[in-house]
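# only geometry, no sequence info:
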């Protein structure tokens, strides 16, 4: 398996993986729209020896209180069913976090399992007076700092890119 930044030829394989990995096509349509709108900050894939996409994680821009602070959202994250619980999700997330850090982004947010994302160092966003627009998401909404001054003057609502409003409830 090879973990790397996605390239254009991966798009069809990413779409197929997302359609297999989730119960609806919402995540596949979301990533397609993020890509079409130029809002896909980073995509990281895990491919097998034949180049088939077996894992994927996307990162897209967010704003805090309507201000761009060089933060991004993680999601969706998908691993082919045959490879789950083998550490591939972890490898994809760490590769993404490392690349974002090198690119100068200051923090990452995620709406996901606290037990899963805590292993990477994500902490509840509410501890920093941050929240997202989705109701009942306080426990699942988390953040990860990429720079030392990531919280300086930051509080309020974290808004995801527009396609999230359209494709996810």
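Structure received. These figures come from a predicted structure and were not determined experimentally. Numbers count the residues shown, from 1 in each chain.
# does residue 144 touch residue 124 like I think?
No: at 11.3 Å, residue 144 does not count as touching residue 124 under the criterion of CB atoms under 8 Å. Every C-beta, even on glycine, is put in place using the N, C-alpha and C of the backbone.
# quick check on those two: which one has the bigger neighbour count.
When residue 144 and residue 124 are compared for neighbours, residue 144 comes out ahead with 20 against 15, by other CB atoms under 10 Å.
# just list whatever residues bridge to the more buried one.
Beta-bridge pairing for residue 144 (DSSP bridges): residue 108.
# which residues touch it?
Contacts for residue 144 were tallied using CB atoms under 8 Å, 6 or more residues apart in numbering; they are 97, 107-110, 117, 120-123.
# among the residues you listed, which are located in helices?
Restricting the contacts of residue 144 to those inside helices, with DSSP state H as the criterion, leaves 97, 117.
# distance of the residue nearest the centre of the chain from residue 44?
For the chain, the residue nearest the mean C-alpha position is residue 74 (1.5 Å; CA atoms, centre = their mean). Distance of residue 74 to residue 44, computed by CB to CB, to the nearest Å: 10 Å.
# pLDDT below threshold where in the protein?
In the predicted model of the chain, residues 149-153, 167-169 satisfy pLDDT under 70.
# would you map the strands across it?
For the chain, applying DSSP state E gives strands covering 2-5, 42-47, 53-64, 67-79, 107-111, 123-124, 130-132, 141-145, 156-160.
# reformat the ones you listed into JSON lines and put distance to residue 85 next to each item.
Output for the strands of the chain, formatted as JSON lines (distance: least, CB to CB, whole Å):
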{"stretch": "strand 2-5", "distance to residue 85": "17"}
{"stretch": "strand 42-47", "distance to residue 85": "14"}
{"stretch": "strand 53-64", "distance to residue 85": "12"}
{"stretch": "strand 67-79", "distance to residue 85": "9"}
{"stretch": "strand 107-111", "distance to residue 85": "19"}
{"stretch": "strand 123-124", "distance to residue 85": "24"}
{"stretch": "strand 130-132", "distance to residue 85": "28"}
{"stretch": "strand 141-145", "distance to residue 85": "21"}
{"stretch": "strand 156-160", "distance to residue 85": "28"}
